[in-house]
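S.K.: sequence first, then the predicted structure, then my questions.
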Amino acid sequence: MNKLVRIWHTIKYLKLIQLYYQLRIRLIPNTQPKQFSSIKTIKRFPLVLTNTGITLTPSLRGLDNFSFLNIEHTFNNNIDWNISTYGKLWTYNLTYFEFLNQDETGKEYGLQLINDFIDKLDAIKDGNEPYPTSLRCINWIKFISNNDINDRDIDMSLFSQYNYLLENLEYHLLGNHLLENGFSLLLGSYYLKNEKFYKKAKSLLLNQLEEQVLTDGGHFELSPMYHKILLFRVLDSINVINNNPWKQDALLGFLNSKAQLMLGWLETMTYSNGQTANVNDSTNGIAPSTYELTNYAKKLGLSWNAQTLGTSGYRIFKKGNFEVLVDIGNIGPDYIPGHAHADTFNFELVTDGIPIIVDTGISTYEKNNKRHIERSTFSHNTVLLEEQNQSDVWGGFRVGKRAKITSLKETKNFVKASHNGYKNLGLEHSRSFQVEENIVTISDSLKGNPSLKHHPKATFHFHPNIKAKLINASIIINDTALEIQFSNAEKIKLENYNYCNGFNQTLISQMAVVEFTDSLTTTISLNR
């Protein structure tokens with residue numbers, strides 16, 4: 001694809017505010033936090049917080065020993081906060097300081113780590129970007145409040161970092177990044193009783209949550225992982241306001257309403273086994289579980305109802321022994337699709353609580369070929385033409401020309417849709433799902449110029465615990481009564497693929513690749 005055409009299809013969706021700030025940060029790089037050591041006193045009010053009940057994955061394993069993204073590293077009595085050995089996301093995680101609030105971190109050692117960071121603050125690079133600054137300040141305030149710490153140097157550093165954050169809000173990205181800025185400023189405003197921080201936090205949260213929480217309760221970046229992370233932040237914000245009387249305005253009621261919507265979406269999207277799909281940029285071991293989040297919400301006195309899925313583009317059918325999640329939505333949001341994949345009409349299948357057909361997930365955020373493959377159409381349970389992605393995912397977090405849903409029809413146990421992601425090949429892909437008690441029927445059809453041969457392939461990725469056997473034109477799952485049959489298939493192959501079990505962790509698994517001409521019917525049945 002012509003590079004200029006790709007760039008045009010990528011940037012034409014950006015908001016003017018994004019373009020302005022993208023240019024600004026290139027011309028005027030972010031400054032380092034300015035230390036306000038000359039201020040003699042600063043008001044501080046440690047927060048009273050309801051215990052979340054959420055167990056953090058231990059990332060501090062011992063003295064100067066850290067494990068993030070399934071990669072462990074030990075520093076030799078001198079922590080390099082700029083370490084780049086394992087990629088930028090590992091460095092980010094180190095500087096988030098989330099490990100302060102895990103059960104294994106002691107008060108004295110936690111203070112030692114904070115003070116070491118403060119001493120080196122002027123030399124810190126990635127960790128001083130607005131996003132890790134936002135998360136770090138949240139974690140410092142929680143640690144200080146929960147451990148009854150009164151340390152002027154830490155308070156002064158928090159004040160400095162929040163002033164820096166206020167001047168470097170992530171308008172060039174928007175989305176979850178700007179929300180994290182807002183959540184952090186809210187906690188900081190309550191801790192420091194700072195009107196300026198509160199005013200900006202309230203404005204950001206009101207505006208961004210109104211836009212980013214869709215009418216069906218899903219987060220608009222369409223990643224269950226990020227949905228859960230941001231729901232955690234909303235609950236934390238409610239926790240702070242509930243337990244630390246300061247402001248009496250409409251923000252608390254607004255946050256409660258958004259939390260209820262998000263909880264309802266999450267309840268609907270959660271399978272009977274308690275898991276959620278790793279669709280788009282989602283993977284294991286990062287976000288709190290549905291169980292943990294709903295328990296936390298109940299501690300805060302929240303109640304909610306399951307949501308009917310709509311604007312998020314997902315549909316979930318729970319019928320008999322089957323649970324089927326289907327993606328019939330557009331890539332979204334248009335102006336920040338960095339966590340989107342080329343996965344239109346992707347689906348997952350769970351039987352009796354056991355995952356059978358799954359999204360492959362992600363294992364990296366590095367801008368490399370592995371990331372490109374994990375975002376590709378071939379890595380999802382949908383149809384590929386000419387080895388071409390339905391949507392042009394590129395550059396790690398960019399999307400150029402993208403598939404759009406052109407028609408949609410649905411009833412209680414049925415959905416059918418079409419997309420134009422292969423318009424340049426002269427074809428339109430339609431797919432339907434019919435879900436009954438013990439049978440799921442998936443119908444694919446390609447409409448367009450019948451004289452053109454585009455070698456369509458339908459791919460089906462099995463969970464690592466699944467053993468698939470190909471017998472004639474059928475696939476038998478785990479030597480059980482679960483069978484997948486294909487009508488109009490020209491060729492069926494079982495191949496291996498890398499299932500992403502978390503960042504930097506993959507498992508060899510099986511997938512079916514089914515070649516056909518212009519139509520394919522897939523029947524998944526449980527013959528009991």
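M.R.: That came through fine. Since we're looking at a predicted model, the values are computed, not measured.
S.K.: what ranges does the stretch 351-500 of the chain have for its strands?
M.R.: Assigned strands in the stretch 351-500 of the chain, in chain order: 354-357, 383-384, 393-394, 398-399, 405-411, 414-419, 427-435, 439-448, 457-461, 468-471, 474-477, 482-502 (criterion: DSSP state E, counting those that start in this stretch).
S.K.: go through those strands and name the closest to Lys200.
M.R.: Shortest separation from Lys200 across the strands of the stretch 351-500 of the chain is recorded for strand 398-399, at 29.0 Å, computed as CB to CB. Heads up, the C-betas are built off the backbone N, CA and C, glycines and all.
S.K.: ok, the closest one: who's next to it in the sheet?
M.R.: Paired with strand 398-399 in the same sheet, following DSSP bridges, are strand 393-394 (antiparallel).
S.K.: what is the mean pLDDT for the partner strand?
M.R.: For strand 393-394, mean pLDDT rounds to 96.
S.K.: show me where pLDDT drops low in the stretch 301-450 of the chain?
M.R.: Per-residue confidence of the stretch 301-450 of the chain (counting by pLDDT under 70) places the weak regions at 450.
S.K.: hang on, the earlier thing: pipe the strands of the stretch 351-500 of the chain into TSV and attach mean neighbour count per row.
M.R.: Listed next are the strands of the stretch 351-500 of the chain as TSV, based on neighbours: other CB atoms under 10 Å:
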stretch	mean neighbour count
strand 354-357	21
strand 383-384	24
strand 393-394	21
strand 398-399	22
strand 405-411	12
strand 414-419	20
strand 427-435	21
strand 439-448	19
strand 457-461	23
strand 468-471	13
strand 474-477	19
strand 482-502	17
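S.K.: okay if I get those as TSV plus distance to Asn139?
M.R.: Compiled in TSV, the strands of the stretch 351-500 of the chain are given as follows (distance: least, CB to CB, whole Å):
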stretch	distance to Asn139
strand 354-357	32
strand 383-384	42
strand 393-394	32
strand 398-399	30
strand 405-411	40
strand 414-419	41
strand 427-435	42
strand 439-448	44
strand 457-461	36
strand 468-471	43
strand 474-477	43
strand 482-502	21
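S.K.: tell me which of the ones you listed sits nearest to Leu231.
M.R.: Proximity to Leu231, assessed across the strands of the stretch 351-500 of the chain by CB to CB, is greatest for strand 482-502 (20.3 Å).
S.K.: so which strand or helix has the nearest residue to Ile83 once chain neighbours are set aside?
M.R.: Nearest in space to Ile83, with sequence neighbours left out and distances taken as CB to CB, 6 or more residues apart in numbering, is Thr91 at 5.8 Å. For Thr91, the element it lies in under DSSP states H and E is helix 88-96.
S.K.: what helices and strands are in contact with that helix?
M.R.: Contact analysis of helix 88-96 by 3 or more CB pairs under 8 Å, 6 or more residues apart in numbering; DSSP states H and E lists strand 65-68, helix 130-146 as its packing neighbours.
S.K.: for Ser184, find the nearest of those.
M.R.: The closest of the helices and strands packed on helix 88-96 to Ser184 is helix 130-146. By CB to CB, the value is 3.7 Å.
S.K.: quick one: the helix or strand following that closest one to chain centroid distance?
M.R.: Scanning forward in sequence from helix 130-146 by DSSP H and E, the next helix or strand is helix 152-167. For helix 152-167, the distance from its own C-alpha centre to the chain's C-alpha centre is 28 Å (CA atoms, centre = their mean, to the nearest Å).
S.K.: for the helix holding Thr91, buried residues please.
M.R.: By neighbour count, and taking 16 or more other CB atoms under 10 Å as the criterion, the buried residues in helix 88-96 are 89-96.
S.K.: between these, which is nearest Thr133?
M.R.: Each of those was scored against Thr133 by CB to CB, and Thr95 proved nearest at 8.3 Å.
S.K.: report the contact partners of the closest one.
M.R.: 81, 117, 124, 126-128, 132, 136 (CB atoms under 8 Å, 6 or more residues apart in numbering).
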